[in-house]
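*Asks:* Give me a 3D structure for the following:
(one chain, ligands or ions: 1)
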Amino acid sequence: MSCYEITGGCPLSGSLAVHGAKNSVLPILAACLLVPGQCVLHNVPNLSDVSATLDILRLLGCRADREGDTVTVDASALSRSDIPEHLMREMRSSVIFLGALLARLGRAELSYPGGCELGPRPIDLHLSALRALGAAILEEQGALVCEGGRLQGRELCLSIPSVGATENAMLAACGCPGLTTIIGAAQEPEIVDLQEFLRAAGVQVSGAGTPAVFVRGGTPLRPAEYRVMGDRIAAATYLCGAAAATGEVEITGVNPDTLTAVLVCLEEAGCTLHTGPDRMVLACSAPLKGIAPVRTAPYPGFPTDAQAILMAALAGGEGATLFVENIFDSRYRHVDELRRMGADIQLAGRAAMVSGVGRLHGAAVRSTDLRGGAALVVAALGAEGTTQVSELHHIRRGYQELDRNLRALGADIREIP
Ligand code: EPZ
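*Replies:* Modelled structure (predicted):
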């Protein structure tokens with residue numbers, strides 16, 4: 001098993017164009033199932049989660065080809081509606097195929113997506129939304145068998161602004177004649193990106209980015225060409241890396257308005273930030289200070305995906321910061337690994353009190369999940385000495401060439417067998 005070997009203390013400098021957003025391209029790839037023709041997607045990141053999704057599309061009978069960061073999907077010959085268990089286990093977010101398969105084929109079968117490193121990952125909101133639209137869903141022995149013979153648009157309400165449930169409801173609604181209104185919808189920028197793709201495919205959809213999304217479904221979609229938005233969490237990762245290591249870094253390809261909550265925290269911690277329409281420049285020359293409590297929340301609140309990453313940067317700074325993880329039940333698995341690097345972090349339920357220790361030290365640590373692994377890399381960039389980060393498969397799910405990009409910015413990082 002290979003690992004990253006990182007020697008901290010090298011200030012970062014330079015400019016980096018961030019890859020397309022994992023959490024936008026996955027639902028957009030599912031939406032391609034709705035189109036009986038060829039869709040062309042640009043700025044598609046080369047990630048293991050994207051490869052797994054393309055494998056599922058091919059298994060269902062689609063053509064899916066990649067050339068650089070452009071992916072073409074042709075769902076004309078879509079024939080299967082069942083996703084095998086081993087592929088569901090490989091990527092639980094494949095539940096996003098449910099709505100699109102129901103809308104296009106009127107049927108979907110997949111195994112219950114298991115929990116993951118972040119704790120149980122229920123899909124009750126997905127299922128209740130699809131049932132509200134007329135789907136009959138049987139849950140038996142860990143499998144979901146969904147029939148959507150009489151889908152009909154209507155008003156439905158989400159009790160939690162679930163990103164995935166909002167996306168599934170939007171995709172299913174494309175196959176529902178009449179107007180579907182999704183009340184209590186998630187407002188993440190990735191939802192807006194999905195809406196813009198659907199519009200390019202001829203769907204009458206509006207309201208994404210607000211708590212109420214409207215879809216007028218039942219009409220066939222047309223082939224679309226679309227450029228996926230930049231990955232705001234990857235951008236946050238590189239910015240926190242520069243904050244931890246000090247230096248000055250420009251990040252391009254991401255709209256700074258999509259990660260305002262993170263930028264505000266970095267400025268409060270002592271970084272200087274300048275932003276433009278799709279660029280951010282962060283400068284940091286001193287140890288990070290403690291900041292006001294960081295409470296994760298649905299967008300536009302502080303993104304749960306950036307919690308571990310910011311924590312890692314602050315753990316090596318000075319001053320104390322309270323984190324409260326309000327989205328997932330078990331998203332502090334990176335804390336034990338940061339402690340091995342000298343971090344002083346006290347856990348109490350959803351709260352984590354981080355007391356900056358001035359500087360972390362290198363250690364052998366293991367990625368526990370996608371963002372937890374990225375957090376260890378951030379911590380290592382500012383740490384004294386050398387860190388080995390293993391279990392890189394977690395990181396490869398959501399970061400394209402993380403080591404190569406950081407090396408280009410001046411970091412001493414390499415992958416060793
Ligand atoms: C999406 O996951 C993202 N994944 C996650 O990013 C992100 O952390 C999360 O949204 C929150 O922003 C993708 O987009 C592929 P949710 P999702 O449904 O849709 C509960 C990463 O690191 N819930 O918004 O699964 C759920 O347990 C990943 O890139 C229900 O109770 O998240 C959680 O507590 C990690 N019932 C909360 O809602 C449901 O039916 C928010 O989950 C669905 C969700």
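
*Asks:* for stretch 314-327, which positions count as buried?
*Replies:* Neighbour-count burial for stretch 314-327, counted by 16 or more other C-beta atoms under 10 Å, picks out 314-318, 321, 323, 325, 327. (Each C-beta comes from the backbone N, C-alpha and C, glycine too.)

*Asks:* What count of nearby residues applies to G153?
*Replies:* Using other C-beta atoms under 10 Å, G153 has 22 neighbouring residues.

*Asks:* brain fart, E147
*Replies:* The burial count for E147: 16, using other C-beta under 10 Å.

*Asks:* For it, give its distance to the ligand.
*Replies:* 20 Å (C-beta to the nearest ligand atom, to the nearest Å).

*Asks:* And for P298?
*Replies:* 7 Å.

*Asks:* still on that earlier bit, the buried residues of stretch 314-327 also near the ligand: which ones?
*Replies:* I327 (C-beta under 6 Å from any ligand atom).

*Asks:* a markdown table for the buried residues of stretch 314-327, including pLDDT, distance to F97 and secondary structure?
*Replies:* Below are the buried residues of stretch 314-327 laid out as a markdown table (pLDDT from 0 to 100; distance: C-beta to C-beta, whole Å; DSSP: H, G, I helix; E, B strand; the rest coil):
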| residue | pLDDT | distance to F97 | secondary structure |
| --- | --- | --- | --- |
| L314 | 98 | 38 | helix |
| A315 | 98 | 38 | helix |
| G316 | 97 | 41 | coil |
| G317 | 97 | 42 | coil |
| E318 | 96 | 47 | strand |
| T321 | 98 | 39 | strand |
| F323 | 98 | 33 | strand |
| E325 | 98 | 28 | coil |
| I327 | 97 | 23 | coil |
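
*Asks:* Enumerate the residues of the stretch 251-400 of the chain near the ligand.
*Replies:* 304-305, 327-328, 370-371, 398.

*Asks:* Let's see that with 8 Å instead.
*Replies:* 298-299, 303-305, 327-329, 369-371, 397-398 (C-beta under 8 Å from any ligand atom).

*Asks:* Pull out the buried positions in stretch 158-174.
*Replies:* 158, 161-174.

*Asks:* how far does that stretch sit from the chain's center?
*Replies:* On the basis of C-alpha atoms, centre = their mean, to the nearest Å, stretch 158-174 sits 16 Å off its chain's mean C-alpha point.

*Asks:* and what of stretch 396-407?
*Replies:* 15 Å.

*Asks:* One more: stretch 73-82?
*Replies:* 25 Å.

*Asks:* Pull out the buried positions in it.
*Replies:* Here stretch 73-82 shows 73-75, 78, 81 as buried, counting by 16+ other C-beta under 10 Å.

*Asks:* now the stretch 101-250 of the chain, which segments are flagged as low pLDDT?
*Replies:* 114-115 (pLDDT under 70).

*Asks:* how about 80 then?
*Replies:* Scanning the stretch 101-250 of the chain for pLDDT under 80 picks out 113-121, 149.

*Asks:* For it, which residues are neighbours of the ligand?
*Replies:* Going by C-beta under 8 Å from any ligand atom, the residues of the stretch 101-250 of the chain near the ligand are 118-128, 160-167, 186, 188, 190, 233.

*Asks:* Sitting in helices, which of these do you find?
*Replies:* 124-128, 163-167, 190, 233 (DSSP state H).

*Asks:* how about the strands in the stretch 301-417 of the chain?
*Replies:* 318-324, 344-348, 351-357, 364-366, 386-390, 412-416 (DSSP state E, counting those that start in this stretch).

*Asks:* export those strands to TSV and tack on distance to G178?
*Replies:* Shown next, in TSV, are the strands of the stretch 301-417 of the chain (distance: least, C-beta to C-beta, whole Å):
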stretch	distance to G178
strand 318-324	41
strand 344-348	49
strand 351-357	45
strand 364-366	51
strand 386-390	51
strand 412-416	53
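
*Asks:* who wins for proximity to L33 among those?
*Replies:* L33 lies closest to strand 412-416 among the strands of the stretch 301-417 of the chain, at 35.1 Å (C-beta to C-beta).

*Asks:* May I have the helix or strand where V215 lies as PDB, with CA atoms only?
*Replies:* Element membership for V215 (DSSP states H and E) is strand 212-217. Extracted as PDB, the C-alpha positions of strand 212-217 are listed here (Å, rounded to 0.1, in the frame of the first residue of the first chain):
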ATOM      1  CA  ALA A 212     -38.200  25.600  -3.000                       C
ATOM      2  CA  VAL A 213     -37.400  23.900  -6.300                       C
ATOM      3  CA  PHE A 214     -39.900  23.600  -9.100                       C
ATOM      4  CA  VAL A 215     -39.800  20.900 -11.800                       C
ATOM      5  CA  ARG A 216     -42.300  20.600 -14.700                       C
ATOM      6  CA  GLY A 217     -41.700  17.000 -15.900                       C
END
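
*Asks:* burial measure for S51, as a count.
*Replies:* So S51, with other C-beta under 10 Å, has 15 neighbours.

*Asks:* Just the buried positions in the strand or helix carrying it, please.
*Replies:* Here S51, judged by DSSP H and E, is contained in helix 48-59. Residues of helix 48-59 classed as buried: 48-50, 52-54, 56-57 (neighbour count, 16+ other C-beta under 10 Å).

*Asks:* Of the residues you listed, which fall within the contact range of the ligand?
*Replies:* Among these, proximity to the ligand is found for D49 (C-beta under 8 Å from any ligand atom).

*Asks:* And the buried residues of helix 48-59, which is closest to L259?
*Replies:* Nearest to L259 among the buried residues of helix 48-59, with distances taken as C-beta to C-beta, is D49, at 20.0 Å.

*Asks:* And the closest one, how close does it get to P27?
*Replies:* D49 is 12 Å from P27, where distance means C-beta to C-beta, to the nearest Å.

*Asks:* And for D69?
*Replies:* From D69 to P27 the distance is 18 Å (C-beta to C-beta).

*Asks:* who has more neighbours, the two?
*Replies:* Shown here are D69 and P27; by other C-beta under 10 Å, P27 has more neighbours (27 against 16).

*Asks:* tell me the two of the buried residues of stretch 158-174 that are most distant?
*Replies:* Maximum distance among these (C-beta to C-beta): 20.2 Å, for P161 and C174.
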